[in-house]
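[1] Build me a model from this:
(chains A and B)
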Amino acid sequence: DAGVIQSPRHEVTEMGQEVTLRCKPISGHNSLFWYRQTMMRGLELLIYFNNNVPIDDSGMPEDRFSAKMPNASFSTLKIQPSEPRDSAVYFCASSRFPGQPQHFGDGTRLSIL
Amino acid sequence: KQEVTQIPAALSVPEGENLVLNCSFTDSAIYNLQWFRQDPGKGLTSLLLIQSSQREQTSGRLNASLDKSSGRSTLYIAASQPGDSATYLCAVRQESAGNQFYFGTGTSLTVIP
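    Residues are numbered from 1 along each chain as shown, chains lettered A, B, ... in the order given. Got it, this is the predicted structure:
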């Protein structure tokens, strides 16, 4: 079975640009999670969806961040405009249900110059 | 707000040794606790998930215990191998509106051949 697929693996862009990160969850998984990992703050949950509906977005740092899940097999995390402090590794994870084990993608390493 | 702490931050042991990793959390109102490993440049791999009603879970050489009332979990690794070298993270899912997830900062384990 294919795992959680994230793209791109690496993204380097200049501040002020729009950044879009993509995620394909494991087929049949109803819950999808976006995380950000930095050395300073560790792993933080940004937002999660259940059955394509955002359940908790309290971890989204500010209005520059937005996430969508238009269908069960695709989600995006968008940053507009991007800033250097957004540099981090962004992970997507999915699980069958919120209480089940989460399966992580390999992450997108984002560098904002 | 829930705080998850992992001690030690780093651990180095010779191959073959049994070892224990610790995770503590401040709010015992959790739904479950999950242990992950993270290899450099990779996402997280789920190792064990313990529901709040359970005391322990076992998978191969790994055994995770949960003492919800005291806010503690341990991950026991028997007969450690160099391939066990990775960062180990624990995460709790809150038993509250939104069911937030909180991660510890991890223990970096090195098993010396």
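[2] so residue B:90 bridges to which residues?
    With DSSP bridges applied, residue B:90 shows beta-bridge pairing to residue B:35.
[3] now swap in the one 4 residues further on and tell me
    The residues paired with residue B:94 through beta bridges, assigned by DSSP bridges, are residue B:30.
[4] okay, now residue A:53: neighbour count?
    For residue A:53, the neighbour count with other CB atoms under 10 Å in any protein chain shown is 7. All C-beta spots, glycine's among them, are computed from the backbone N, C-alpha and C.
[5] Kindly apply the preceding question to residue B:74 instead.
    17.
[6] partners of it in the sheet?
    residue B:22, residue B:65.
[7] Help me confirm that residue A:18 comes into contact with residue A:80.
    Yes. With contact defined as CB atoms under 8 Å, residue A:18 reaches residue A:80; the gap is 4.2 Å.
[8] Low-confidence regions, chain A specifically.
    Scanning chain A for pLDDT under 70 picks out the ranges A:1.
[9] Quick one: classify the residue nearest to the spatial centre of chain A as helix, strand or coil.
    Centrality entry for chain A: nearest residue to the mean C-alpha point is residue A:34, 3.3 Å, by CA atoms, centre = their mean. Put simply, residue A:34 is strand when judged by DSSP: H, G, I helix; E, B strand; the rest coil.
[10] List the residues that contact residue 42.
    Using chain A. B:103-106 (CB atoms under 8 Å, 6 or more residues apart in numbering or on different chains).
[11] oops, I was thinking of chain B
    Residues near residue B:42 by CB under 8 Å, 6+ apart: A:106-107.
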